[in-house]
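Fold the following for me, if possible:
(one chain, ligands or ions: 1)
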Amino acid sequence: MEPAIEEVLRYRSSFTQVGRVTTVAAELSGQVIPADVVVTPWLLSANRDEREFPDPDRFDIHRSGKHHVAFGYGIHFCIGQLLARVEGRVAVGVMLDRFTEIRLTPGVPLEFYSRGIFAARNVPVTVRSA
Ligand code: HEM
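Numbering: from 1, shown residues only. The predicted structure follows:
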């Protein structure tokens, strides 16, 4: 369960980017970033970095480690990440206990939030009870 949830967080990070303003000029991988500019680091892109995640576009619940940045990084690292992880485990656990089969309902297009958060508004599924 745990690695599966981590892989969802990596593969479909619900916050795609964060925003920062530079206070001093900085150099990053040979790129000079001047002071007083807005920088938009893409978490989604970092989480698909092939130097960190072999075959990054493959959804693989058997990957190990929690080194994705779906909860950010550094001093603003998500304060709610433990709660979010527990909620995920409980919700998926209840679903797996309750249903022996869960399938996407065919032919119903998924509707996504248009901005802010990278997530489906609802996911129609067909289930079979345990
Ligand atoms: C899957 C669920 C969640 C995701 C993907 C997520 C993601 C993030 C990310 C990427 C940041 C860093 C923002 C930045 O660097 O500018 C952040 C910060 C934060 N998150 Fe979450 N978060 C989640 C759930 C929660 C929950 C459940 C709470 C509270 C109960 C929470 C509270 C916060 C707060 C207060 C910050 C700001 C921390 C700071 O600026 O020092 N988050 N979150």
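
The helix ranked longest in the chain vs the ligand: in contact?
Longest helix in the chain, counting residues (DSSP state H): helix 81-98. Yes: contact between helix 81-98 and the ligand is present through 83, 84 (criterion: Cβ under 6 Å from any ligand atom). C-beta: built from backbone N, CA, C; applies to glycine.

How far does the helix or strand following that helix sit from its chain's centre?
Following the chain from helix 81-98 toward its C-terminal end, the next helix or strand by DSSP states H and E is strand 99-104. Strand 99-104 has its average C-alpha position 23 Å from the chain's average C-alpha position, going by Cα atoms, centre = their mean, to the nearest Å.

which secondary structure elements does the helix or strand that comes right after strand 99-104 contact?
Taking DSSP H and E as the definition, the helix or strand that follows strand 99-104 towards the C-terminus is strand 111-112. Counting contacts by 3 or more Cβ pairs under 8 Å, 6 or more residues apart in numbering; DSSP states H and E, the secondary-structure elements packed against strand 111-112 are strand 120-122.
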